[in-house]
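J.: Got a sequence here, can you model it:
(2 chains)
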Amino acid sequence: MSQVNFNKVSKIYNENTDHEVKALDEVSFQIEKGECVVVLGSSGAGKSTLLNILGGMDTLTRGEFIVENQNVAKFNDKQLEIYRRSNIGFVFQFYNLMPNLTALENIQIAESLSENPLDSHEVIKSVGLENRARNFPSELSGGEQQRVAIARAIVKNPTLLLCDEPTGALDSKTGTMIIKLLCEICEKYQKTVVIVTHNNKIAEVANRLIRIQDGKIVENKVNTHPIKPSDIAW
Amino acid sequence: MNKKTSYSKLSFKRLGRAVKKSPLQFLAMILILMLATTIFSGFYATSIELENRITDYYEKSNMADVWTTTFTDPETFTPEGREKDKNDIKSAAAAYNGVVESRYYSQAKVNGRNSYICLSDQFPTICVPYETDNVEKTDFLIIDKRFDKDEGLKEFQFQINIASLNSFISDNKVKEVLESHLKPGKTNIFANDVLVMDAKITGYMLHPESVLSSDITTPIFLMSRSYINKLLISLVDNTFDKNWEPISKSEEIAHELLNDPQKNISDKYWYDNQYLTRLPNRNDASTVKDLIHNSFASRPHEDNDLLLNVDLKNLESNKNIAADLIQARQMTFTFPAIFFLVAVLVVSTTISQIILKERNEIGTLRALGASSKKIASHYVILECLIGLIGIVIGAIIGPLILPKIMEIKYGGVYNLPTQGFAYPTLAVIILTLVILAIIALVSYITAYKEAKQLPVISMRPKVVKKNKHLLKNELTKEKNKTHKLCFKMAIRNIFLSSTRSIMVVLGVLGCTGLLCCGYGVDDAIQFGINHDMNCYFNADAMVYFSSGGYETVDELEKLVKENLISKYEAASLLPATCYKAGISDSSFTTQVYSINSDTYKQNKFINIGDYEVRKNSVVVTSKVAKALNLGVGDYLHFTFLGTRYSGIVGGILDSFYVQGILIDGSNWPAYPSFLTSPTVFVRYQKDAKPEEVVTRIKAIEGVSDVSEYKDRVQVNQDTMSSLSYITLVIKLFAILLAVIVLYNLALLNFKENTRNVATMKVLGFTRREIAESLVMEIMILTTIGIVFGLAVGFPLEILILSINKTPINEFIFYISPLTFVYSFLITILVSLAVNIYLSLKSKKVKMVESLKSIE
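T.: Numbering: from 1, shown residues only, chains lettered A, B, ... in the order given. Okay, here's the model as predicted:
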């Protein structure tokens, strides 16, 4: 069975009112273990909603959402909390690092939460920031901050690494570096990665592409020949 | 074309929406300022009300400016001498256009209770009673309203001293003659030192010289000479047979006495001995007093019968009122000062934090072209409006509520005329302007500073500056635990937001200090009561005997034999006017405790340590010593019934409510026998039932009352209940302040960390872990604040007690260790509760929305 199974998932705001908005409309897809998935769509298409549901940050209105044989859709708050703690690594567009913790400490705080974490020092080395470990987020560039965010996500040794527009706030060069890093990390630690983006180019590095529009999946295809991140033409 | 909407209108709309979005933050600011203003305006209104009442009391009563009292020994001073006294005083007063009124003023007893009698030919025009009820002004007996609270006592029995008359009768063997002319069934009314008369009350009053409540001082009653003469004649007619022919000298005297008691008793022994001088200009009082003093001093020694010469400024009751008025004014500036200090600090912090949170918007407005001044001015107006709401509410509530609470204190101590509502308009206006100026200044500086930044800097997140020591982080292989990192974050937050941290510490310091002070005042009261009970009333019961009780005191011996009581000892308590030798213009009325110097140390009913009351040594309490500026070794005079006694101050005792002089009356042969109406200390046998002992004691003839230890403690606690009310108000306000301050600061902290909370939730932190990380910072600051607060609690208590002295006591500064525990627990629990409540709100933090945009 697939690692992630989305079955007719709907997310409806203000249901049965004049202001009803269908952010997701009976969306179904599967993700296999170790896949690098890119969810592509324009602004307001519903891709972030999909990622938030995947990350246990938001609930769905209808449908089934199964991760490793567990129906996350039926989880209560406490179970969602444990799900986020054990299964999910999240990378935000704007990093969301703790401003009063150093780069290493930001990674260590995630490490301390996990029952089976990776070594924080090794992880920070793997994102190439061992020399910036004692710097605070405000002393790091955007790219460096995003690398810390990736390290923080991966150190928990999660089942799913979810990235919400990870290059959205970065220039093309840094963006390439981040995508390269994500792919390497994914490969090195054998993680399933889901990247949400509106950038078509990034989709070329993925094993699977899910295109979403107006809350519906309009394309779900396997990319048999993914390109290297360095070959992305921004 | 549509009309252009102004920048200001849109700016205020935006700010208004910001207020709507965070109403609690602004509400907290309003409440803090409201509390501080309530306390300030309330206490200020109280002081104005008190001042108005005092002014009204002087005006209504036509209060005298100088009191001149002469000796009343008829053997020594002649009617001519008295006439000369009057003329000399009138001459001195006339020099400053003053008028003089004379009267007889002496100690008396009403239903066994000490009091003062004022006999005058006419209804007084100086020191006029006020709040009288249509009183008869010719034949009158008017008593203090407080003397008879329910005004149900239409007839009362009073005793007036006739000791000098009695000795005169004895010397001439007149007494024997009188004894032989008694009507059947009657006893000789002239046999004792006191003459007991039954009288009918003609009216009630508040008397200006008895302005101190009669519950704690000796009350006065006024009587016209015509009235007492009628009583006297009636008494003599009812007691003696007057229809007999005198055949000896003694019989002639007795016969004359019985047939014309007015001439032979009233006019002869109750002559005017006190002169009240009223001056058009009260500032001349001291000069006129000196003139009077000089006129007496210039006489030959044997003609100088001046006993006391006191001006209004030095009158004991006036000194107390003046001191209380000063205290009331000081109260306006002590507690409210602390409240305002905390309020201004907290409000300033809140304003700064609110503006700092808006830095992105400020940067955007600047980028759009708005001027720094314009941006800053809108924040100033908003914050001032918020501040004004709090001040206005407080300024309305305070003068309405606090004077009523404080009246419990003043009403218990003074018989002042009642007054209407007083409002400290000018003070409130000044306060409002000052507070608004502070708010405006803080808002302007903070907003202007932020608006002066380059827009690009304002729109970036605030840079965390590195501090070598605080942010030191060793790269370690050791796996950091979550709570350790949270602790680290909390410590760093404390130092990085140093201003806010200092404000939290100061806010908590103020609240804990106030709590500590409030509880400390209660401690000092309880400690004082316990101290005095153990020092001066170390007995299971006090037994009060009525006049002549000395005949039945020995009945207690039977109870000793029956194993109901183990010990008893008689003492006497009499009011006396005392003054320091050589200084007759400053007197103090107090109780003289006469004890037996041979037995009190064995019986330990009174514990005065190593001090001695032998020979001519007297021991005084600290308040008497302070009032008269007495030191050990000084000479002290005290007067009873016109006779002066002197003693050397052998010791000064700490005391709370017991104030007076301890002597052994037997050292002065002329001192009235204390057994006239003795007070007896009684200690029960260990296995005796108190109820049974009390019943048996009450059955003894002559016993007027029995007061047990617990009753006395209760009475003292009731007497001090007014101050307890004030401390209760302070404690309640301190807790309220703590709740608001801590809530406000915790809310600030929570809001600042909303994004972090959302991130933590995404990372999988449990609610408890998030709560711990949020609570940790405020709890660390609270603990620091509490430590400092506890440290200032006792000095604050001393300050408050020092300025809140009452005429009836002298505080012994004390604070119980439990007070520190209570203050600590209350503040820490309030802080914990507020923080936990806010931490629970982390559940409501929406991860998606909170993390959607960059700060």
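
J.: can we go C-alpha only for contacts and neighbour counts from here?
T.: Fine.

J.: chain center to the helix or strand hosting B:Q714: distance?
T.: Applying DSSP states H and E as the criterion places B:Q714 in helix B:709-719. Helix B:709-719 sits 17 Å away from the centroid of its parent chain (C-alpha atoms, centre = their mean, to the nearest Å).

J.: Packing partners of that helix?
T.: Helix B:709-719 sits against helix B:498-536, with contacts defined as 3 or more C-alpha pairs under 8 Å, 6 or more residues apart in numbering or on different chains; DSSP states H and E.

J.: List the buried residues for stretch B:226-243?
T.: B:226-229, B:231-233, B:235-236, B:239-242 (16 or more other C-alpha atoms under 10 Å in any protein chain shown).

J.: In strands, which of these fall?
T.: Using DSSP state E, no member of the buried residues of stretch B:226-243 falls within strands.

J.: In helices, which of those residues fall?
T.: Among the buried residues of stretch B:226-243, DSSP state H puts B:226-229, B:231-233, B:235-236, B:239 in helices.

J.: which parts of chain A sit against chain B?
T.: Within chain A, the positions adjacent to chain B are A:52, A:57-58, A:81-86, A:88-90, A:94, A:96-101, A:105, A:108-110, A:112-113, A:121, A:134, A:136, A:138-139 by C-alpha under 8 Å from any C-alpha of the partner chain.

J.: show me where the stretch 251-400 of chain B has strands.
T.: According to DSSP state E, counting those that start in this stretch, the stretch 251-400 of chain B carries its strands in the segments B:274-278, B:306-311.

J.: what mean pLDDT does the shortest one have?
T.: Put plainly, it is strand B:274-278. Strand B:274-278 carries an average pLDDT of 94.

J.: Tell me the strands beside that strand, with direction?
T.: strand B:66-70 (antiparallel), strand B:99-110 (antiparallel) (DSSP bridges).

J.: Mean pLDDT, mean neighbour count and distance to B:D687 for these - can I get that in a markdown table?
T.: Supplementary listing: the strands paired with strand B:274-278 in a markdown table, determined by pLDDT from 0 to 100; neighbours: other C-alpha atoms under 10 Å in any protein chain shown; distance: least, C-alpha to C-alpha, whole Å:
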| stretch | mean pLDDT | mean neighbour count | distance to B:D687 |
| --- | --- | --- | --- |
| strand B:66-70 | 90 | 23 | 53 |
| strand B:99-110 | 87 | 21 | 38 |
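
J.: OK, contacts around B:V787?
T.: Residues near B:V787 by C-alpha atoms under 8 Å, 6 or more residues apart in numbering or on different chains: B:L509.

J.: Okay, it and B:G513: tell me how far apart.
T.: Between B:V787 and B:G513 the computed distance is 9 Å (C-alpha to C-alpha, to the nearest Å).

J.: so which strand or helix has the residue most central in space within chain A?
T.: Centroid-nearest residue in chain A: A:L162, 1.3 Å away (criterion: C-alpha atoms, centre = their mean). Following DSSP H and E, one finds A:L162 within strand A:160-164.

J.: quick revisit: and the helix holding B:Q714, what's buried?
T.: Of the residues in helix B:709-719, B:709, B:712-713, B:716-717, B:719 count as buried by neighbour count, 16+ other C-alpha under 10 Å.

J.: Hey, what's the angle from whichever helix in chain A runs longest to strand A:160-164? Just curious.
T.: Using DSSP H, we find that the single longest helix of chain A is helix A:172-189. Taking axes from the mean of the first three to the mean of the last three C-alpha atoms, to 10 degrees, one finds helix A:172-189 and strand A:160-164 inclined to each other by 170 degrees.

J.: Which residue would be the closest one in the stretch 301-450 of chain B to chain A?
T.: As assessed by C-alpha to the nearest C-alpha, chain A sits closest to B:K357 within the stretch 301-450 of chain B, at 15.1 Å.

J.: Could I get the contacting residues of residue 8?
T.: Chain wasn't specified; assuming chain A. A:25-28, A:62-64.

J.: wrong one, I was asking about chain B
T.: Contacts of B:S8 (C-alpha under 8 Å, 6+ apart): B:H378.

J.: Quickly find the element holding it.
T.: Going by DSSP H and E, B:S8 is in helix B:7-21.

J.: That helix: how far from the chain's middle?
T.: That offset, for helix B:7-21, works out to 50 Å (C-alpha atoms, centre = their mean).

J.: Give me the distance between B:G203 and B:N161.
T.: For B:G203, the distance to B:N161 - C-alpha to C-alpha - is 23 Å.

J.: picking that back up, next, the angle helix A:172-189 makes with the helix or strand following the longest helix of chain A.
T.: Following helix A:172-189 in sequence order, the next helix or strand is strand A:192-197 (DSSP H and E). Going by the same axes, to 10 degrees, strand A:192-197 is angled at 160 degrees with respect to helix A:172-189.

J.: So which other helices or strands are in contact with strand A:192-197?
T.: Counting contacts by 3+ C-alpha pairs under 8 Å, 6+ apart, strand A:192-197 packs against strand A:36-40, helix A:47-54, strand A:160-164.

J.: would a markdown table of the ones you listed with mean pLDDT be doable?
T.: Formatted as a markdown table, the helices and strands packed on strand A:192-197 follow (pLDDT from 0 to 100):
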| stretch | mean pLDDT |
| --- | --- |
| strand A:36-40 | 91 |
| helix A:47-54 | 88 |
| strand A:160-164 | 90 |
